[in-house]
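Q: give me the fold of what follows.
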Amino acid sequence: MDCKGIRILGLDVGSKTIGVACSDALHITAQGLETIQRQSKKKDFSRLRDIIREKEVYRIVVGRPRHMNGDYSDNMEKIEHFVDELKKVMPDMEFVYWDERLTTVMAEKVLMEGNVRREKRKQYIDKMAAILILQNYLDAQGD
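A: Modelled structure (predicted):
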């Protein structure tokens, strides 16, 4: 399948929010879309389904949290469970895990350098982390 012109979604899945980013049609850049405030699986999946339809997504890249020593973070099991459930409602979607080490730290740094005030950073941090996860994935593909 020629996937050029079809977008890739990046997700930073947390317990309270999901940062969402989307590639351009040529898979060169990642743009932040939104931060979904987690409510219920049904509502969260419904919002993701709407985004996927609107943006013509064929693959989802999910951040895989690791510690600096390479061990998975405590959140990994919850994220895998979330993705397993999402796969059930979106069986035709491709899913890829991507190492997200330091993305939150980098996202914080980018927001600080952009002079985003501390109290505002919290609302942008997950979306920025999703952008970094997806951009790192896109850069590694070398299409």
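Q: return the helix or strand in this protein with minimum mean pLDDT.
A: Least confident helix or strand of the chain, by mean pLDDT, DSSP states H and E, is helix 103-113 with a mean of 67.
Q: so after it, what's the next helix or strand?
A: Later in the chain than helix 103-113, the nearest helix or strand by DSSP states H and E is helix 118-141.
Q: which strands and helices sit next to that next one?
A: Packing contacts for helix 118-141, counted by 3 or more Cβ pairs under 8 Å, 6 or more residues apart in numbering; DSSP states H and E, involve strand 7-13, strand 17-23, strand 30-37, strand 57-64, strand 94-99, helix 103-113. (Each C-beta comes from the backbone N, C-alpha and C, glycine too.)
Q: okay, the angle between the fourth one and strand 94-99?
A: Interaxial angle of strand 57-64 relative to strand 94-99 (axes from the mean of the first three to the mean of the last three Cα atoms, to 10 degrees): 30 degrees.
Q: the very next helix or strand once past strand 57-64 - what's its average pLDDT?
A: Remark: after strand 57-64, the chain's next helix or strand is helix 76-89, criterion DSSP H and E. What helix 76-89 shows for mean pLDDT is 92.
Q: please apply the same query to stretch 45-63.
A: Mean predicted confidence for stretch 45-63 is 95.
Q: just the endpoints, please. Distance across that stretch?
A: 17 Å (Cα to Cα, to the nearest Å).
Q: which residues touch it?
A: 1, 3, 5-13, 18, 20, 22, 33-34, 36, 79, 83, 85-86, 89-90, 93-100, 103, 129-130, 133-134, 137 (Cβ atoms under 8 Å, 6 or more residues apart in numbering).
Q: could you rerun that using 6 Å?
A: 3, 6-12, 22, 36, 83, 89, 93-98, 100, 133-134, 137 (Cβ atoms under 6 Å, 6 or more residues apart in numbering).
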